[in-house]
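S.K.: based on what follows, work out the 3D shape:
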Amino acid sequence: MSVKVDIRALLEAGVHFGHKTSRWHPKMAPYIHSKRQDSHIIDLTKTVEALNVALPELTKIAASGKKVLFVGTKKQAKDVVRQAAEKIDQPYVTERWIGGMLTNSQTITQQIKKLKNLEKRMSTGDLEKRYSKLEVQRYQEEIDLLNQRYGGIKDLMGKPGAMVVVDAAVDTNAIHEAKTLGVPVFAVVDTNVNPSDVDYVIPGNDDAIKSISLLLDYFTAAVAEGAGSAKKADEKPANKEEK
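M.R.: Numbering: from 1, shown residues only. Reported below is the predicted structural model:
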């Protein structure tokens, strides 16, 4: 694994700051180092161990050509999750998780098909030719709304190879759908969360932007490494033919 985890960087980003002791979940006990005033402190050696197990798996999944779906719908995480996923050309959900996004593929596929069709008609000028300015504006509003809901997954074909979640408490519905389909879940899990449904628990602060951003850097680096390997593998036969 070429992605190296730096415990000092985790410390500087505040990944070790957990929630108040009154809000803890007993199943997170193995990941808690101590208490400071009225808050729990996460054991960063456990975070490093967890990342050292999880990151190679993400690389392996991406190297197989499968997509990794990034999920982060909480207000402070939306932008960083979207930017991280777009940077490595992976699907994402940063607005409200709509029930059935993974499990009701027929309905979601229809909505995405509708979105792509409207976008095509808008870009070619077909809608402008056929409708009034007011009607075209309404179509644009519909496109914007559909993009807000499904834009991050409109190029996702079939189910993803894995799901990365930055807050396991907020996006429980996404995790449950992934579990239903057998999609492995990699999630940042704070001290107030039940980690039972998460396949790869990354104990860490899921509130601070610095913490979320750093952990996303590790996730995206691992996925990018695997996706790069997959791309090279795809290109090899073509290069041989050229020779």
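
S.K.: CA atoms for contacts and neighbours, from now on please.
M.R.: Fine.

S.K.: OK, contacts around residue 136?
M.R.: Taking Cα atoms under 8 Å, 6 or more residues apart in numbering, we find residue 136 in contact with 127-128.

S.K.: and the helix or strand hosting it, how far out from the chain middle?
M.R.: In the assignment (DSSP states H and E), residue 136 maps to helix 133-150. Mean C-alpha position of helix 133-150 versus that of the full chain (Cα atoms, centre = their mean, to the nearest Å) differs by 25 Å.

S.K.: could you point out the helix or strand that follows it?
M.R.: Using DSSP H and E, the helix or strand that follows helix 133-150 in sequence is strand 162-165.

S.K.: so what strands line up beside that next one?
M.R.: Sheet pairing of strand 162-165 (DSSP bridges) gives strand 68-71 (parallel), strand 185-189 (parallel).

S.K.: how about those in CSV, adding distance to residue 226?
M.R.: Below are those laid out as CSV (distance: least, Cα to Cα, whole Å):
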stretch, distance to residue 226
strand 68-71, 11
strand 185-189, 16
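
S.K.: tell me which of these sits nearest to residue 9.
M.R.: strand 185-189 (16.2 Å; Cα to Cα).

S.K.: quick one: contacts of that closest one?
M.R.: With contact meaning Cα under 8 Å, 6+ apart, strand 185-189 is reached by 54, 162-169, 175, 178-179, 195, 198-206.

S.K.: please enumerate the strands of this structure.
M.R.: Secondary structure of the chain by DSSP state E: the strands cover 17-20, 32-36, 39-42, 68-71, 92-93, 162-165, 185-189, 200-203.

S.K.: out of those, flag the one nearest residue 48.
M.R.: Residue 48 lies closest, by Cα to Cα, to one member of the strands of the chain: strand 200-203, at 8.5 Å.

S.K.: what mean pLDDT does that closest one have?
M.R.: For strand 200-203, the mean pLDDT works out to 97.

S.K.: quick one: buried residues of it?
M.R.: Neighbour counts using 16 or more other Cα atoms under 10 Å place 200-203 of strand 200-203 among the buried residues.
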